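Novice: This is a predicted model, with the sequence first.
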Amino acid sequence: MFKSVGVIELKSIPKGVEATDAALKSAGVDMVTAHPACPGKYEIILTGSISNVEAAVQHVRAKFENYIIDSSIMGRIDEQVITALFGTQSTQKKGSLGLIETFSAATSIKAADIAVKTARVEIFDLRVSRGMGGKGVVLLTGEVGDVTAAVEAGANYAKTTGMLSSYSIIAAPHEDLWKQI
């Protein structure tokens, strides 16, 4: 189980690989994943105690400041977010649909965590970077009031970081739309 999670995005693949090594050597953290993402980004996801994750992320931010796009630290991350990151969620296609689109994976993951902690919603999908020009999007389902509250909370966080692209709430998605997504 993940204690806390740190996400770092860099605008250079070689520097991303180097930053991953620096993060792993700087504090007692474990790597969840580190990989290139489009367009030419490198994403690092680390886990460990909150203090170790904070130390590793701050070390990378200081050492690679000219290459950092975004970063985020989440203590006590909701299990739904982890499940969605690995694509193993089993949410049903029902209720309302809310979407939050961000310009970075780190902000998208944090917005998803804030959203599920705000209201009774389920993460339908969480897509980060690959095949989306480096953007991230979280899709939430539930009752329209809960979806609205969750989307507003996640979108407000993304807006404060300057990484909000857009968001939408669809009260009753058409059956064909559910089939498409």
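Specialist: Great, that's in hand.
Novice: And the worst-scoring helix or strand of the chain on mean pLDDT, what does it pack against?
Specialist: Sorted by mean pLDDT, DSSP states H and E, the helices and strands of the chain end with helix 79-85, the least confident at a mean of 83. Contacts defined by 3 or more C-beta pairs under 8 Å, 6 or more residues apart in numbering; DSSP states H and E place helix 79-85 against helix 105-118, strand 122-128. (Each C-beta comes from the backbone N, C-alpha and C, glycine too.)
Novice: I'd like a version of the ones you listed in CSV, one that adds mean neighbour count as further columns.
Specialist: Formatted as CSV, the helices and strands packed on helix 79-85 follow (neighbours: other C-beta atoms under 10 Å):
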stretch, mean neighbour count
helix 105-118, 26
strand 122-128, 21
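Novice: ranking the ones you listed by mean pLDDT, which is last?
Specialist: The minimum mean pLDDT among the helices and strands packed on helix 79-85 belongs to strand 122-128 (a mean of 90).
Novice: any idea how far it is from the chain center?
Specialist: Relative to the centre of its chain, strand 122-128 is centred 9 Å away, using C-alpha atoms, centre = their mean, to the nearest Å.
Novice: Quick check: neighbours of that strand in the sheet, parallel or antiparallel?
Specialist: With DSSP bridges as the test, strand 122-128 is paired with strand 136-142 (antiparallel).
Novice: which residues in the chain form helices?
Specialist: Using DSSP state H, the helices of the chain run over 13-26, 50-63, 79-85, 105-118, 144-161, 175-180.
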